[in-house]
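sequence unknown, structure follows:
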Ligand code: SF4
């Protein structure tokens, strides 16, 4: 049974210069038809979900009537839902929307703060100010949200380590339980990618960005935000349960344009064109553009590639029970080099390896560790 439901809202009020997520600039008519299509689909679901995550795009870019319409059919799942997250951007997280979220059972907000420095926000093309970001977090807490994540970006061109250090210090003073820190990446076909190509932006050196990442790991730990995944830090008991589904390679349902579902080793991806999505929903046609049934070994390797991202890493007995494969045997070609290069460490009982996890250097190079497992 799928335990997690993801709903994708592919609208933003403006595109940020670095963004490669699937979203388009908000248009009320399209958004209204899209939400109608989504609610029809939500009404047809019948399995109870332990976690629901509405992401995007910017879910709070939707006006109140559309948010009300979207949330209404999810209410029937509430008895089973233990974590219900909505992503929000500071400029559109109004008190009215927060009241609606609380009424609808949303118990976790993930706020796209990104930075508390005006200059940095401007460079990134964000719509909100630092003051709005801080205010949104404080208002959410006052309104009754006790589980709030903020996203932060580091490694922006021209950024100094000292300034990032101060931002972290300010972030931990906010009433938040969870902080996600992402290094800025330069994704193809974004305006930022173009800016790098035409030399109007010079990315930070890798070493500087790595120093910022390590600073985040150490400073956040000192303030009670333990790293539990490559980019995620939480106070005790506040790790994101929904995302843990992905990192354990457990089944989930994805609704919306470009969303992915995973069940019984099959992965299905929805089409991304929003108008086409609405049209096909209306005609009762399939929304799936690609589907793949993963053979058992590939499924096991994918489990290894996602689970290694977590701080606890891979317990070999857990892995065997979940996939039917012996981890050391399955990854025998990749392991020696990764261990020798100081990226991975074994957890041993006596001399017997019982599990494996990333070392500090492995966290810095996590993407390459993950791909070596595939
Ligand atoms: S608000 Fe988020 S999803 Fe929207 S453009 Fe900016 S980074 Fe992308």
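Nice, I can see it. All figures in this text were calculated on a predicted structure; none of them were measured in a lab. Numbers count the residues shown, from 1 in each chain.

Contact partners for residue 82?
50-51, 241 (Cβ atoms under 8 Å, 6 or more residues apart in numbering). Placement of C-beta: from N, CA and C, glycine included.

I'd like the distance from it to the ligand, if you could.
Residue 82 sits at a distance of 26 Å from the ligand (criterion: Cβ to the nearest ligand atom, to the nearest Å).

I'd say residue 263 and residue 251 touch.
Yes - using Cβ atoms under 8 Å, residue 263 is in contact with residue 251, at 4.5 Å.

More neighbours: those two, which one.
In this view residue 263 and residue 251 are compared by other Cβ atoms under 10 Å, and residue 251 has more residues nearby, 16 against 13.

Next one, pLDDT for that one please.
Confidence at residue 251, expressed as pLDDT, is 95.

do the same with residue 140
On the pLDDT scale, residue 140 is placed at 98.

Could you count how many residues lie near it?
25.

what helix or strand does it sit in?
In this structure, residue 140 sits in helix 130-143 according to DSSP states H and E.

now the strands for the stretch 151-300 of the chain?
For the stretch 151-300 of the chain, strands defined by DSSP state E, counting those that start in this stretch occupy the ranges 178-183, 226-229, 232-234, 252-255, 260-263, 266-270, 288-293.

Might you enumerate the residues of the protein proximal to the ligand?
Taking Cβ under 6 Å from any ligand atom as the criterion, the chain approaches the ligand at residues 12, 15-16, 19, 21, 23, 56-58, 89, 112.

The residue of the stretch 201-350 of the chain found nearest the ligand: what's it in contact with?
Closest to the ligand within the stretch 201-350 of the chain is residue 258: 11.9 Å, counting by Cβ to the nearest ligand atom. Counting by Cβ under 8 Å, 6+ apart, residue 258 makes contact with 8, 10, 22, 269-272.

who wins for neighbours among these?
Busiest of the contacts of residue 258 [other Cβ under 10 Å] is residue 8, holding 26 neighbours.

What helix or strand is that one located in?
Using DSSP H and E, residue 8 sits within strand 4-9.

Need the contact partners of that strand.
Residues from elsewhere that reach strand 4-9, judged by Cβ under 8 Å, 6+ apart: 22-23, 38, 42, 45, 49-59, 61-62, 70, 77, 242, 245-246, 250-259.

Turn the contacts of residue 82 into TSV, including distance to residue 324 and pLDDT.
Listed next are the contacts of residue 82 as TSV, based on distance: Cβ to Cβ, whole Å; pLDDT from 0 to 100:
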residue	distance to residue 324	pLDDT
50	24	96
51	26	98
241	25	97
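
quick one: which of these has the most company?
Neighbour max across the contacts of residue 82 (other Cβ under 10 Å) = residue 51, 22 neighbours.

How about it: which residues does it bridge to?
Taking DSSP bridges as the rule, residue 51 bridges to residue 4, residue 83.

Could you double-check that it sits in contact with residue 77?
No - Residue 51 is beyond contact range of residue 77, at 10.2 Å (criterion: Cβ under 8 Å).

which residues touch the residue nearest the centre of the chain?
With distances taken as Cα atoms, centre = their mean, the residue of the chain nearest its centroid is residue 243 (6.8 Å). Neighbouring residues of residue 243 by Cβ under 8 Å, 6+ apart: 53, 229, 232.

list the buried ones in the host helix or strand of the first one?
The secondary structure element spanning residue 53 is strand 51-56 (assigned by DSSP H and E). Neighbour-count burial for strand 51-56 flags 51-56 (criterion: 16 or more other Cβ atoms under 10 Å).

What is the neighbour count of the residue of the stretch 151-300 of the chain found nearest the ligand?
With Cβ to the nearest ligand atom as the measure, residue 151 is the residue of the stretch 151-300 of the chain nearest to the ligand, at 8.7 Å. If you count neighbours by other Cβ under 10 Å, residue 151 ends up with 18.

what pLDDT does it get?
Reading off the confidence values, residue 151 has pLDDT 98.

I figured it was touching residue 116, is that so?
No - with contacts counted by Cβ under 8 Å, residue 151 stays clear of residue 116, the gap being 12.0 Å.

Make sure residue 71 is indeed in a helix.
Yes - residue state for residue 71 (DSSP: H, G, I helix; E, B strand; the rest coil) corresponds to a helix.

Just the pLDDT at it, thanks.
Taking residue 71 on its own, its pLDDT is 98.

That one and the ligand, how far apart?
The gap separating residue 71 from the ligand is 20 Å, by Cβ to the nearest ligand atom.

What is the neighbour count of residue 362?
Residue 362 has 24 nearby residues by other Cβ under 10 Å.

Return the distance of the closest residue to residue 118 other than its chain neighbours relative to the ligand.
Leaving aside its chain neighbours, residue 118 sits nearest to residue 130 (5.4 Å; criterion: Cβ to Cβ, 6 or more residues apart in numbering). Distance, residue 130 to the ligand, by Cβ to the nearest ligand atom: 16 Å.

which residues touch residue 130?
Residue 130 makes contact with 115-118, 121, according to Cβ under 8 Å, 6+ apart.

same deal with residue 323?
Contacts of residue 323 (Cβ under 8 Å, 6+ apart): 296, 299-300, 303.

From residue 145, how far out is it?
Counting by Cβ to Cβ, to the nearest Å, the gap from residue 323 to residue 145 is 37 Å.

before we move on, the earlier item: buried sites along the strand holding residue 8?
4-9.

Just the closest of those to residue 189, please.
For these, the closest approach to residue 189 (Cβ to Cβ) belongs to residue 8, at 19.4 Å.
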